[in-house]
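In: Provide a 3D model corresponding to the input given below.
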Amino acid sequence: MDGQREFWRWSERSWQAPDLDRQAVTAVTAGIDVGSVSSQAVLLAGGRLVSFFSTRTGSSSPDSAVRAFKGAGEPLGITLDDVSYTVGTGYGRVNVPFADRTITEIACHARGANFMAGPAVRTILDMGGQDCKVIRCDERGKVLNFIMNDKCAAGTGRGMEVIADVLSVPIEEIGRRSFEIDDEPPPVSNVCTVFAKSEATSLLRAGWSVERVLAAYCAAMAQRVAGLIERMGVEREFFITGGIGKNVGVTRRIERLIGVEALRLPEDSVFDPQIAGALGAALFAHSLHRKREKERGVAAGAGAVMPPVDTAARKDLWPPAAGR
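Out: Predicted structure coming up:
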């Protein structure tokens, strides 16, 4: 049975604003992030978050984009006909068939992180499925500089998926289990997915526990990423996005190595670091929609052009806290 289990697969993640009055939903904008490993859709209504959905990217980027959108829209009865503007981002952004525009994932992650964690954010670590980026931004979430690793799965989400399958550990448990050890082992010597597989197998045969091997792999990944951060330089207003941002086995070890603790979202926040790119894309879509409407002279609502997102009133734009 375990041999057929997909240990690498993250659970799909979905959220919709509770008690939302569907009739009051207007000026819907969408952000679609088609990554190499996962795809996310975020829907805003008048700049307010109303829904998001995260799923596995399939063999077809267009199909993945459609599936992500439907996952976010169908629970609210929202179809593409209801959407005023869509921005595509991510690895497969040019293949989002219903996008009005595409914007790089670097810009979108910076904008999304700024919205999620606040305008204090200056350094963003985006740990994606096939690459890793360090982004420097200003108080508006505008990119000032960035650096990224080479096109290799080592030190990324895909590399972690491979280890999950090799060790038969559900990927969502890796972070927690990597700390179930008596002492910190030395990192594995190579985080290349090919060599890490053989090294992990050798360590198990040498009598290491699964948890100890996980700790060694998480430590090696953290070292690789920390080196990238140090090349860019990190300011204390530091935030982590992407799927690996949910793996405490990696993130806490990165924090130790760079001597900076990442900003944390409130415990009752519904935000997920994996949706940062799609959220940024949806925010860009909101701004672009307002600009287009203004240029057309089309009134929004009761005869007035829709006001811009007020970052000073950020708390009003955040989704309701869980259970509220």
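In: For the closest residue to residue 218 other than its chain neighbours, give me its contacts.
Out: Closest residue in space to residue 218, ignoring its immediate chain neighbours: residue 249 at 3.8 Å, by C-beta to C-beta, 6 or more residues apart in numbering. C-beta coordinates here come from the backbone N, C-alpha and C atoms, glycine included. If you count contacts by C-beta atoms under 8 Å, 6 or more residues apart in numbering, residue 249 has them with 174, 175, 176, 177, 178, 179, 214, 215, 218.
In: Quick check: pLDDT value at residue 249.
Out: You'll see residue 249 listed with a pLDDT of 94.
In: Drop anything exposed from the contacts of residue 249.
Out: Buried subset of these (neighbour count, 16 or more other C-beta atoms under 10 Å): 174, 175, 177, 178, 214, 215, 218.
In: ok so, going back, return the subset of the contacts of residue 249 lying in strands.
Out: With strands identified by DSSP state E, none of the entries of the contacts of residue 249 belong to them.
In: how about the strands of the protein, start to end?
Out: If DSSP E is used as the criterion, the strands of the chain fall at 13-16, 28-34, 38-45, 48-56, 83-89, 101-102, 123-127, 132-137, 143-148, 238-241.
In: now the shortest one: mean pLDDT?
Out: What it means is strand 101-102. Per-region confidence: strand 101-102 scores 98 on mean pLDDT.
In: Stretch 22-37 now?
Out: For stretch 22-37, the per-residue pLDDT values average out at 89.
In: centre of the chain versus that stretch, how much separation?
Out: If you compare the mean C-alpha spot of stretch 22-37 with that of the full chain, they lie 15 Å apart, counting by C-alpha atoms, centre = their mean, to the nearest Å.
In: Just list whatever residues bridge to the nearest residue to residue 71 once chain neighbours are set aside.
Out: In space, residue 71 comes closest to residue 53 once its chain neighbours are excluded; the distance is 3.2 Å by C-beta to C-beta, 6+ apart. Listed by DSSP bridges, the beta-bridge partners for residue 53 are residue 14, residue 41.
In: show me what contacts residue 53?
Out: Under the criterion of C-beta under 8 Å, 6+ apart, the neighbours of residue 53 are 12, 13, 14, 40, 41, 68, 69, 71, 72.
In: name the helices or strands packed onto the top helix by length along the chain?
Out: Scanning the chain for the longest helix, with DSSP state H as the assignment, gives helix 210-232. With contacts taken as 3 or more C-beta pairs under 8 Å, 6 or more residues apart in numbering; DSSP states H and E, helix 210-232 sits against strand 123-127, strand 132-137, strand 143-148, helix 157-167, helix 174-177, helix 193-205, helix 248-258.
In: What residues sit buried inside it?
Out: The neighbour-count criterion (16+ other C-beta under 10 Å) identifies 210-226, 228-229, 232 as the buried residues of helix 210-232.
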